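K.L.:
Sharing a model prediction with you, sequence too.
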Amino acid sequence: MNRERLGSRLGFILLSAGCAIGIGNVWKFPYITGQNGGGAFVLFYLFFLVILGVPVLTMEFAMGRASRKSPIKIYDELAPKNSKWHIHGYFAMAGNYILMMFYTSVAGWMLNYFVGMARGDFVNVNSEKIRLLFSEMLGNPSTQVLYMLIVVVVGFVICAMGLQNGIERVSKFMMLALLIIMIILAGNSIMTPGGSEGLKFYLIPDFKRLSENGVMNVIVSAMNQAFFTLSLGIGAMAIFGSYIDKKQSLMGEAVTVAVLDTFVAITSGLIIFPACFAYGVQPDSGPNLIFVTLPNIFTNMFMGRLWGTLFFIFMTFAAFSTVLAVFENIISCCYDMFGWSRKKACLINMVLIFILSLPCALGFNVLSFITPLGQGTTFLDLEDFIVSNLFLPLGSLVYVLFCVSRYGWGWEKFKSEANIGKGLKVADWMRPYMTYVLPTIVSIVFVIGMINFFK
C-alpha cells in the first residue's frame, strides 16, 4: 500500500496549524497572559516562539518527510543500525494516546457550551447560576461521557474517510471558518465601549507589572507557553511532514505554521481582554476564564447569545482540529506497526480511545474520590502532567539531539532534508545554537516545569 499524500500545500499548512492550534492557544494563552501582566509576557512569548518553537518544528517536519513513516517507525528509517533511538517512537505513540485521554473530554466541554449557547441556556442568567452550570456539567457523568463519545466517534469517522477526502477537507473548512469567526469576534470585542483599556493591558508592555510578577516567573511562563503551543515532542507534527512533497523547504513551512498558531493565540486575546475590561471582569481569573467569565460577559452583551454561540463554535473547531490531527497520528502508527487498513485502525481505536477517555470524563463525578496528584486533583491533571511536563519536553529533547548528533541522524542529513525546496533555509551558522543552546533551553524548560509542578 502506497503512503497517502496530502492534496495541497494549503492542506498541509492548515492541518499542521490545526494540530498546533488547540485549547492551549485560545484558552491557556489568554489567561496566562492575564496572570503574567499582559503585554510584556506577549513580547517574551514571541521571542521564545522564534528561538524554541521554529527550530524543533523544523526538525519534526524533516524527520517525517525523510522517513515517510509514522513517529513509531521514523527511527527505523533514519537511525544508525543497532542504536536505541527507536525506543522514543513507542513513547511518542503512547504520548498521542495519553493526550487524547483527556483532550477528548475538554473538546466535549466546548461542544457542550456551543450547544448550550445556541439553545439559550445562558440568556438572562446571573453570574452565580453561570458558575453553577459549569459545576453541574462537570458533575454529570452522562453529559461528560456523551459529549466525549461524540468527539471520538465523529473524529474517527472523518479520519476513516481518508487523508484527502476526510481529514484534509474537513480541517481546511474548520480552520478557514475558525479564522473568519475569530476576526469577526475580535472586531466586535475591540469596538465594545470601554474595551480600549483591555487592549492597553494586553498589547502595551508594562514593565512595572512585569517586576511585580517577577521577571523570571514571566520569562519561564512565556518559555513554557511558546514551547507547548506547537504540540512538539510526540511526533504530532512529524506525521504531516511524512505526507508532503519536497517543493518547499521546511524551516519556511515551520515559520508559516508558527505564524498561524500565534495569530490565533494573539487574536483570542483581542477577543477576551477588551470584553473583560468593558464589563469589569478580572483578566487573570485563570482556567475559569472560558467557562465562567466569558459566559457572564456574553449574557450582558448586546446580541450576546449570537456572539457566545460563535465563540464556542470557534473553540470547538480549535479543539477538534487537534483531535483530528492526533487521531491521524495514532492511525498511521497502527498501520506502520500492524499493517491494518485505515478503516480497521479507525474502528479499533475508536473503541480504545473511548474506553481510555472514561477516567477523565468520570474523574469529576463518579471517580472524583480518586485524587492521583493529591487533594483536589483529577485524572485530567495527571494525564495533562504526563504529556505537558514529561512527554513533550523530553520528546523534543530527543528529536533535537537526534538531528544534531553524529550518533543520531546528524546535522548534515537533517540540514539537507530541511533545505530541499523553495523557501527559508537552515544555515550552518545555526549549528552551534541548535547543537548546544537549544537542547540546554529545552532541558531548562523541563527542569523548571518539574520544580514548579512539585512546589
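P.N.:
Yep, that arrived. Numbering: from 1, shown residues only.
K.L.:
quick one: buried residues of stretch 283-296?
P.N.:
283-285, 289-296 (16 or more other Cβ atoms under 10 Å). For every residue, glycine as well, the C-beta is placed using N, CA and C.
K.L.:
So which of these belong to helices?
P.N.:
294-296 (DSSP state H).
K.L.:
just curious, which of these is nearest to residue 452?
P.N.:
Of all those, residue 452 sits closest to residue 294, with 26.6 Å by Cβ to Cβ.
K.L.:
how about a markdown table for the buried residues of stretch 283-296, with pLDDT and distance to residue 388 added?
P.N.:
Formatted as a markdown table, the buried residues of stretch 283-296 follow (pLDDT from 0 to 100; distance: Cβ to Cβ, whole Å):
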| residue | pLDDT | distance to residue 388 |
| --- | --- | --- |
| 283 | 72 | 23 |
| 284 | 67 | 20 |
| 285 | 67 | 21 |
| 289 | 75 | 18 |
| 290 | 81 | 18 |
| 291 | 85 | 20 |
| 292 | 81 | 23 |
| 293 | 77 | 23 |
| 294 | 82 | 23 |
| 295 | 88 | 26 |
| 296 | 81 | 28 |
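K.L.:
Check what pLDDT the residue lying closest to residue 89 once chain neighbours are set aside gets.
P.N.:
Counting by Cβ to Cβ, 6 or more residues apart in numbering, residue 72 is the residue found nearest to residue 89 once chain neighbours are left out, at 4.2 Å. With respect to pLDDT, residue 72 scores 94.
K.L.:
Am I right that residue 370 sits in a strand?
P.N.:
No: using DSSP: H, G, I helix; E, B strand; the rest coil, the assignment for residue 370 is coil, not a strand.
K.L.:
can you tell me which residues contact it?
P.N.:
Listed by Cβ atoms under 8 Å, 6 or more residues apart in numbering, the contact set of residue 370 reads 363, 378-379.
K.L.:
and residue 402, which of the three is it?
P.N.:
helix.
K.L.:
repeat for residue 12
P.N.:
helix.
K.L.:
Verify the stated contact: it with residue 6.
P.N.:
Yes: with contact defined as Cβ atoms under 8 Å, residue 12 reaches residue 6; the gap is 4.9 Å.
K.L.:
Quick check: neighbours shared by the two?
P.N.:
By Cβ under 8 Å, 6+ apart, the residues touching both residue 12 and residue 6 are 240, 243-244.
K.L.:
quick one: which of the residues you listed sit in strands?
P.N.:
Residues of these located in strands (DSSP state E): none.
K.L.:
pLDDT on the lengthiest helix in the chain, on average?
P.N.:
Across the chain, the longest stretch assigned as helix under DSSP H is helix 304-338. The pLDDT scores in helix 304-338 average 92.
K.L.:
Report all helices and strands that it contacts.
P.N.:
Here helix 304-338 is seen to pack against helix 9-20, helix 23, helix 87-119, helix 141-160, helix 169-190, helix 238-241, helix 294-300, helix 342-362 when contacts are counted using 3 or more Cβ pairs under 8 Å, 6 or more residues apart in numbering; DSSP states H and E.
K.L.:
Can you tell me which of these has the worst average pLDDT?
P.N.:
For the helices and strands packed on helix 304-338, where the average pLDDT is lowest is helix 23, sitting at a mean of 77.
K.L.:
Which residues does whichever helix or strand comes after it contact?
P.N.:
Counting by DSSP states H and E, the element after helix 23 in chain order, helix or strand, is helix 29-35. The contact list for helix 29-35 (Cβ under 8 Å, 6+ apart) reads 41-42, 45, 202, 213, 221, 225, 229, 265, 268-269, 272-273, 276, 282-287, 289.
K.L.:
which helices and strands does the helix or strand following helix 29-35 pack with?
P.N.:
Counting by DSSP H and E, the element after helix 29-35 in chain order, helix or strand, is helix 39-48. When contacts are defined as 3+ Cβ pairs under 8 Å, 6+ apart, helix 39-48 sits against helix 29-35, helix 196-203, helix 207-213, helix 215-228, helix 250-278.
K.L.:
Would you mind giving those helices as JSON lines with mean neighbour count and distance to residue 16 added?
P.N.:
What follows is these, written out as JSON lines (neighbours: other Cβ atoms under 10 Å; distance: least, Cβ to Cβ, whole Å):
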{"stretch": "helix 29-35", "mean neighbour count": "23", "distance to residue 16": "18"}
{"stretch": "helix 196-203", "mean neighbour count": "18", "distance to residue 16": "27"}
{"stretch": "helix 207-213", "mean neighbour count": "14", "distance to residue 16": "32"}
{"stretch": "helix 215-228", "mean neighbour count": "20", "distance to residue 16": "16"}
{"stretch": "helix 250-278", "mean neighbour count": "23", "distance to residue 16": "5"}
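K.L.:
Go through the ones you listed and name the closest to residue 452.
P.N.:
So among the helices and strands packed on helix 39-48, helix 215-228 is nearest, using Cβ to Cβ, at 7.4 Å.
K.L.:
And the furthest pair within the buried residues of stretch 283-296?
P.N.:
Longest span within the buried residues of stretch 283-296, Cβ to Cβ: 284 and 295, 17.7 Å.
K.L.:
Cool, thanks, talk later.
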